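# here's my sequence, what's the structure:
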Amino acid sequence: MAEEEKDEVLDKKTAKAQEKAARAEAKAQKKADRKKAKELNDDLDMDDETSTGGKIAVFFVTLIIILIWLAIIVRVIRSCTGIRGCSLCEQNPAGQCDRGSVDGG
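Below you'll find the predicted structure:
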């Protein structure tokens, strides 16, 4: 009976060692998968940034945004300087901007 208990203890130790090895292997595989996914993702990011098409697209989008902002600024300046009329001043019947109410006189 003593030998059976020793064998049983050895079997348990062997089983634990095998479980531990399997967990370590699974952990290593998971780590390798993460590393591979990260490298793949990094490669994709680099392709977008370094490609000529990507640079051209970024340039045109930036240019369009700048032009839109310039158009907005020009519109605001023109409307407040009286070139097209100003919401701050009243127009007289001749279509001229009467700034008397704004200037105080």
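
# which is the succeeding secondary structure element to the longest helix along the chain?
Taking DSSP state H as the criterion, the chain has its longest helix at helix 2-50. Downstream of helix 2-50, the next assigned helix or strand under DSSP states H and E is helix 52-81.

# avg pLDDT for that following helix?
In this model, helix 52-81 carries a mean pLDDT of 90.

# in terms of secondary structure, what does it contact?
The contact analysis (3 or more Cβ pairs under 8 Å, 6 or more residues apart in numbering; DSSP states H and E) places helix 52-81 against no helix or strand. Yep, even glycine has a C-beta here, placed from its N, CA and C like the rest.

# tell me what angle the longest helix of the chain forms with helix 52-81.
Between the axis of helix 2-50 and that of helix 52-81 there is an angle of 60 degrees, by axes from the mean of the first three to the mean of the last three Cα atoms, to 10 degrees.

# and helix 2-50, what other elements does it pack with?
Contacting helix 2-50 under the criterion 3+ Cβ pairs under 8 Å, 6+ apart is no other helix or strand.

# output stretch 66-83 as PDB, nothing but the C-alphas.
The C-alpha coordinates for stretch 66-83 follow below in PDB (Å, rounded to 0.1, in the frame of the first residue of the first chain):
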ATOM      1  CA  ILE A  66      -7.700  75.800 -44.300                       C
ATOM      2  CA  LEU A  67      -9.700  77.200 -47.300                       C
ATOM      3  CA  ILE A  68     -13.000  76.600 -45.400                       C
ATOM      4  CA  TRP A  69     -11.600  78.500 -42.400                       C
ATOM      5  CA  LEU A  70     -10.400  81.300 -44.600                       C
ATOM      6  CA  ALA A  71     -13.800  81.600 -46.200                       C
ATOM      7  CA  ILE A  72     -15.500  81.800 -42.800                       C
ATOM      8  CA  ILE A  73     -13.000  84.500 -41.700                       C
ATOM      9  CA  VAL A  74     -13.500  86.500 -44.900                       C
ATOM     10  CA  ARG A  75     -17.200  86.300 -44.500                       C
ATOM     11  CA  VAL A  76     -17.100  87.600 -41.000                       C
ATOM     12  CA  ILE A  77     -14.800  90.400 -41.800                       C
ATOM     13  CA  ARG A  78     -16.800  91.500 -44.900                       C
ATOM     14  CA  SER A  79     -20.100  91.400 -43.000                       C
ATOM     15  CA  CYS A  80     -18.700  93.600 -40.100                       C
ATOM     16  CA  THR A  81     -16.900  96.100 -42.300                       C
ATOM     17  CA  GLY A  82     -19.900  97.200 -44.200                       C
ATOM     18  CA  ILE A  83     -18.800  95.900 -47.600                       C
END
